[in-house]
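Undergrad: heads up, no residue letters with this:
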């Protein structure tokens with residue numbers, strides 16, 4: 001039996017999607033370390049692991065994660081590998097910051113985002129307006145944007161209709177006021193359910209035009225946009241509203257968050273910086289390490 005199979009059999013709590021990811025990563029390890037039936041990843045010397053990983057073009061941290069798990073499973077020492085992982089992490093942070101500076105210097109600005117939102121309003125682009133409004137005002141990730149427009153059906157009825165235990169939704173509270181409930185997002189376990197009141201008139205008008213008791217963002221086949229396809233959806237929905245959006249990497253939820261953070265950092269508006277952090281659901285350290293341009 002392959003060592004990856006032994007490891008995965010021991011991890012009964014893993015979902016199938018995670019198992020597939022680990023198997024695919026293991027296949028890459030087999031390729032770059034030239035593993036055969038007599039050789040195991042967990043037996044490779046640490047100095048050889050580092051030497052090979054430094055030369056590969058694959059994601060080093062993803063590969064290293066599986067290596068560390070396999071060595072832990074076989075009760076092999078991993079102290080040096082953990083130190084190497086920290087080194088890779090810091091190197092990645094430095095590279096990301098360099099890319100971020102270049103992206104924000106040449107790409108979209110805070111004013112661009114607000115002009116796009118205004119253009120959507122003037123041209124009655126309802127779905128696009130809802131999308132960009134949520135990204136700008138609540139600093140959400142892809143999963144947060146998988147939202148149901150709750151109108152007539154109860155939460156129990158919607159759960160049954162879509163076979164869901166929990167979901168994100170937007171509902172009417174009273175005339176002139178809607179509420180966005182985030183039950184499913186990346187850091188919910190740490191920060192709990194998030195609730196946002198919305199009183200924007202055009203947003204409310206837009207909500208009243210889309211399908212009732214259904215997903216807000218759907219593709220041409222009438223299927224809901226999922227987490228993996230949301231970046232592509234954001235790109236195609238927002239691209240017509242600014243000429244700076246040319247390539248796929250020019251716009252996504254992360255870039256929008258960074259644009260907003262950079263804007264408020266330049267203004268030294270600490271309250272808005274804290275608000276962005278609270279909306280997204282992460283620590284000040286994460287905000288500074290991953291998203292800050294400074």
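TA: Arrived safely, thanks for sending. None of the values given here were measured: they were computed from a predicted structure.
Undergrad: where does the most far-flung residue of the chain relative to its centre land in three-state SS?
TA: What lies farthest from the middle of the chain is residue 38; by C-alpha atoms, centre = their mean that is 39.3 Å. Following DSSP: H, G, I helix; E, B strand; the rest coil, we place residue 38 in the coil state.
Undergrad: show the pLDDT at it.
TA: The score at residue 38 is 74. That number is its pLDDT.
Undergrad: now do the SS call for residue 114.
TA: Assigned with three-state DSSP, residue 114 falls in the helix class.
Undergrad: mind listing what it touches?
TA: For residue 114, the contacting residues are residue 136, by C-beta atoms under 8 Å, 6 or more residues apart in numbering. C-beta: built from backbone N, CA, C; applies to glycine.
Undergrad: related to what we said a few turns ago, from residue 70, how far out is the residue farthest from the centre of the chain?
TA: Distance, residue 38 to residue 70, using C-beta to C-beta, to the nearest Å: 16 Å.
Undergrad: then residue 228?
TA: Look at residue 228 and residue 70: by C-beta to C-beta, they are 26 Å apart.
Undergrad: ok, residue 281 - how many residues close by?
TA: Using other C-beta atoms under 10 Å, residue 281 has 21 other residues around it.
Undergrad: brain fart, residue 64
TA: 21.
Undergrad: residue 84 is in contact with that one, correct?
TA: Yes - shown here, residue 64 and residue 84 form a contact pair, counting by C-beta atoms under 8 Å, at 7.0 Å.
Undergrad: list residues touching both of these two?
TA: residue 53.
Undergrad: residue 190 and residue 281 touch, don't they?
TA: Yes - if you go by C-beta under 8 Å, residue 190 and residue 281 touch, sitting 7.0 Å apart.
Undergrad: show the pLDDT at residue 286.
TA: pLDDT for residue 286: 83.
Undergrad: buried residues, stretch 49-66. List them.
TA: Neighbour-count burial for stretch 49-66, with 16 or more other C-beta atoms under 10 Å as criterion, is recorded at 49, 50, 53, 60, 63, 64, 66.
Undergrad: so how far is it from its chain's centroid?
TA: Centroid displacement of stretch 49-66 relative to its chain, using C-alpha atoms, centre = their mean, to the nearest Å, is 23 Å.
Undergrad: what does it contact?
TA: So stretch 49-66 is contacted by 4, 22, 25-26, 28-29, 32-33, 41, 67, 80-81, 84-85, 88-89, 92 (C-beta under 8 Å, 6+ apart).
Undergrad: if we can go back for a sec, and the residue farthest from the centre of the chain, backbone torsions?
TA: When quoted as degrees, to the nearest 10, the phi and psi of residue 38 stand at phi -90, psi -10.
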